[in-house]
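Asks: got a predicted structure here, sequence first:
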Amino acid sequence: METNWDDLRVFLALAREGTLTTAAKALGVSHPTVSRRVQALEQKIGARLFDRLPDRFVPTSAGEELLADTEAMEKAAHSIHRRSAGLSDTVSGTVRLSAEEATAALIARYSAELRAKLPQIEFEVISSHTLANLSRREADLLIREQVPELGDIVARKLGRLAYAIYAARDFPVTRSTPAALAGLSWVGFDDDHIRMPGQSWLLDFRGGRRPEIRGNNWLVLHEATRTGAGLAVLPCHLADPDPLLRRVGGVIAEVFADQWLLVHRDLRALPRVRAVMDAVIGLFQRERLLLEGRSRPSSRGEA
């Protein structure tokens, strides 16, 4: 029996997503298309692949067996795609790099320089807190604070990010004692992002009081702080170059974030990926003082 890979892709999406609507959205097709292809696959195989529950589709025992084989086929297809990409010997094409928004902004700040060094490469800089799937080539390179426990991922430490308290230049800070600072208005992450660097420290610093203004993105926090909404713990590389901000105190020793460059082992030798890796590694090495909060315009001053 010959089975259409497109039908198997639809089957796989429905097994993972659980509903026709979400599977259709994941595949970029219509709701009826998903239903039609699954029915066609069931007729071709001669077995029912899903139990239709009121709120979702659940694979039957036959569906579970097919799911294992289909996932193996998908993994092989992704491997072929990655390895075929590595056969190219030219430093050209598109490289997708994913990082959280503050680091993505750092890469964007030097994008003209990167393009000047690598004029044949087009860059896609993706801002995300989630771990893009390197096996499926959702990104070619990741910059993250932790190394996932995945056997096919190669990691290179880029450096360490420092954090400090910042305020708008005209924000009233009359006293810089911990008690006085804790009583002022603060900007920080919402409860769903308490894992972000400095947020647990801030809660402890304020005796459990949450920031008065909360967001889910470093750039939102940065913008709110520079307009005078309150104090905030921000990455030094993001806040130090901003002439509208000033530090309140020094680098917070207990708050830091290691940065790791992640790449799938099948892609690390691809010339364009290797070239971008080398450029990013060089950038982090050159800007180490800024990243570690040890290089700031002398006219800025501290409160």
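Replies: Ah, there it is. These figures come from a predicted structure and were not determined experimentally.
Asks: any stretches of the stretch 1-150 of the chain with poor pLDDT?
Replies: In the prediction, the stretch 1-150 of the chain carries residues with pLDDT under 70 at positions 1-4, 74, 76-92, 131-137, 150.
Asks: all strands for it, in order.
Replies: 50-52, 57-59, 93-99, 121-127, 141-144 (DSSP state E, counting those that start in this stretch).
Asks: can you list contacts of stretch 114-128?
Replies: If you take CB atoms under 8 Å, 6 or more residues apart in numbering as the criterion, stretch 114-128 is touched by 90-101, 104-105, 107-108, 111, 132, 139, 272, 275-276, 279, 283. From N, CA and C alone the C-beta is placed, and that goes for glycine too.
Asks: of the residues you listed, buried ones?
Replies: When the contacts of stretch 114-128 are checked for burial by 16 or more other CB atoms under 10 Å, the buried set is 91, 95-101, 104-105, 107, 132, 139, 272, 275-276, 279, 283.
Asks: those in helices, which ones?
Replies: If you go by DSSP state H, the buried ones among the contacts of stretch 114-128 have E101, A104, A105, I107, R272, A275, V276, A279, L283 in helices.
Asks: buried residues in stretch 31-51?
Replies: Buried residues in stretch 31-51, counted by 16+ other CB under 10 Å: T33, V34, S35, R37, V38, L41, E42, I45, L49, F50.
Asks: how far out from the middle of the chain is it?
Replies: Stretch 31-51 sits 35 Å away from the centroid of its parent chain (CA atoms, centre = their mean, to the nearest Å).
Asks: mind listing residues that contact that stretch?
Replies: Taking CB under 8 Å, 6+ apart as the rule, stretch 31-51 contacts 1, 3-4, 6-8, 10-11, 13-15, 20-21, 23-24, 27, 57-60, 62-63, 66.
Asks: about what we covered before: so which of the strands of the stretch 1-150 of the chain gets nearest V255?
Replies: Minimum separation from V255 across the strands of the stretch 1-150 of the chain (CB to CB) falls at strand 141-144, 17.3 Å.
Asks: pairing partners for the closest one, with directions?
Replies: The strands beside strand 141-144 in its sheet (DSSP bridges) come out as strand 93-99 (parallel), strand 245-264 (antiparallel).
Asks: and those strands, which one's lowest on average pLDDT?
Replies: For these, mean pLDDT drops lowest on strand 93-99, to a mean of 91.
Asks: once you drop chain neighbours, what's closest to F284?
Replies: Among residues not flanking F284 along the chain, L158 sits closest, at 4.2 Å (CB to CB, 6 or more residues apart in numbering).
Asks: quick one, helices of the stretch 101-250 of the chain?
Replies: With DSSP state H, counting those that start in this stretch as the criterion, the stretch 101-250 of the chain has helices at 101-109, 111-117, 178-182, 199-205, 218-226, 236-239.
Asks: nearest to P148, out of the ones you listed?
Replies: helix 101-109 (16.7 Å).
Asks: quick one: low-confidence residue ranges for the stretch 151-300 of the chain.
Replies: Ranges of the stretch 151-300 of the chain meeting pLDDT under 70: 151, 296-300.
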